[in-house]
Each structure stands twice: as C-alpha cells, then as structure tokens.
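Engineer: Below are the sequence and a predicted model; questions follow.
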Amino acid sequence: MFITLEGIEGSGKTTAAKGIIEGLKNKGYQVIYTREPGGNPIAESIRDIILDRTHTDMDARTEALLYAAARRQHLVDVINPALKSGKIVICDRFVDSSIAYQGHARAIGADLIDEINHFATGGTQPDLTFLIDVQPEVGLRRINQDKNREINRLDLEALEFHQAVYRGYHELAKKNPHRIQIINGDAPVATVVAKILNILGKRLSDERI
C-alpha cells in the first residue's frame, strides 16, 4: 500500500509519520518511510538544489521539473521496489505537493503540473493520502518557533504563497475525496496519529489499529 502525507510547511507531517510507522509496525506490518524531494542519493542531491536558500531566483518551471526528476528517480529506486516486495510505503509528499506548490502557488497550472508528473511517474498514484490541515499562519508560526528546524527556500516565501498552496491542497481534496483524507492538524500529535491509524486499520484489515 502506498500512503502519502501532505500539507503546508509546518503542518506536522514528519512528526506524525513517526507515530504512524510505530503503530503499523506494532501490528506486524512491514513499513518504510521516505520523503520528497529526496529518498535516494540522486533525488537528495536534487533536493539540495531545490531548497537551497541562495537559489531565490530559480524559475518556476525549473523548480517544477526538478521536483519531477527527483520524483522519478525516487519512484524507481525506492517506492516501486518496496511496494513490489509487499511493504507499506509512507511518503512525506508526492505529486499532490507539486500541484499545490507549483501548479497553484507558482501559477503554472494544475493540469500542466499533472501532465509533467504523469510522464515522470507513469501515472502512479497513492492508494491513500492524508492531508494534515493547518492554516498557513499556524504552520509558519510553528516553523519560526522550532529552533531545530532548518529554514529552506520555500519557508522564506510570503504568506500569500503559502495561502495559495493551502487553497491548492483543498481543491485537490475536493476533486479526490475517496483518496485524500483531511486530518485536523491543530489537534495534538497523538490525536492526529490515532485518527490516521484508525483509517488505515479499516483499509488494511477492517480492524482498528
């Protein structure tokens, strides 16, 4: 099963992932966690270019193509082999991120970004996506308060950019209600994790995890 976690910067995806993985492993599932951009050496190198704070003049289409290139290599090297071996893959971001960030916030257009990524992934889609929902102001405040978090190039964007990302995600959720589950990210982490594990439990074995 291919599961993705989505959300704006500071939504708490990475923190929630730790609890989700622990809960699944405790039930005997084989799970791998990975992230985008990144997840393998080539994609991690592309990640460094994309998120470098000195690259503020990067063209929007260059950014979109770099994400798609990293995604392709990640899919070939990590995601597909894990799925073929019967593992559950939990991935921090996938194509939905590109549609929200580059398609909506960069104003390239959701359809064009979808087309680019369809070429990159061969049409691969997650079985289930959890959109951890927090307002942009909340996410940015969390980032600024977290002294251990490295600030990347996207974190430096204006509030309006993050608001556009937020709207993009919710448009995706409306178009894909059976795949994208909206989770209240204002709740405590334990509550977020429990909600996601409950949904996954029904999908995986019709039992509560």
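Structural biologist: Cool, got the structure.
Engineer: could you dump the lowest-mean-pLDDT helix or strand in the chain to CSV, C-alpha only?
Structural biologist: Among the helical and strand segments of the chain, the one scoring lowest on mean pLDDT, DSSP states H and E is helix 136-145, with a mean of 91. Taking C-alpha atoms only, helix 136-145 is exported to CSV below (Å, rounded to 0.1, in the frame of the first residue of the first chain):
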residue,chain,number,x,y,z
PRO,A,136,-0.8,28.9,6.8
GLU,A,137,-0.3,31.3,9.7
VAL,A,138,-0.2,28.4,12.1
GLY,A,139,2.3,26.4,10.1
LEU,A,140,4.7,29.4,9.6
ARG,A,141,4.5,30.2,13.3
ARG,A,142,5.5,26.6,14.2
ILE,A,143,8.5,26.9,11.8
ASN,A,144,9.7,30.1,13.4
GLN,A,145,9.3,28.6,16.9
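Engineer: So which bits of it are buried?
Structural biologist: For helix 136-145, the neighbour count (16 or more other Cβ atoms under 10 Å) marks 136, 138-140, 142-143 as buried. Backbone N, C-alpha and C define where each C-beta goes, glycine included.
Engineer: Repeat that for stretch 65-78.
Structural biologist: 66-75, 77-78.
Engineer: Turn these into JSON lines, columns for secondary structure and pLDDT.
Structural biologist: Listed next are the buried residues of stretch 65-78 as JSON lines, based on DSSP: H, G, I helix; E, B strand; the rest coil; pLDDT from 0 to 100:
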{"residue": "L66", "secondary structure": "helix", "pLDDT": "98"}
{"residue": "Y67", "secondary structure": "helix", "pLDDT": "98"}
{"residue": "A68", "secondary structure": "helix", "pLDDT": "98"}
{"residue": "A69", "secondary structure": "helix", "pLDDT": "98"}
{"residue": "A70", "secondary structure": "helix", "pLDDT": "98"}
{"residue": "R71", "secondary structure": "helix", "pLDDT": "98"}
{"residue": "R72", "secondary structure": "helix", "pLDDT": "98"}
{"residue": "Q73", "secondary structure": "helix", "pLDDT": "98"}
{"residue": "H74", "secondary structure": "helix", "pLDDT": "98"}
{"residue": "L75", "secondary structure": "helix", "pLDDT": "98"}
{"residue": "D77", "secondary structure": "helix", "pLDDT": "98"}
{"residue": "V78", "secondary structure": "helix", "pLDDT": "98"}
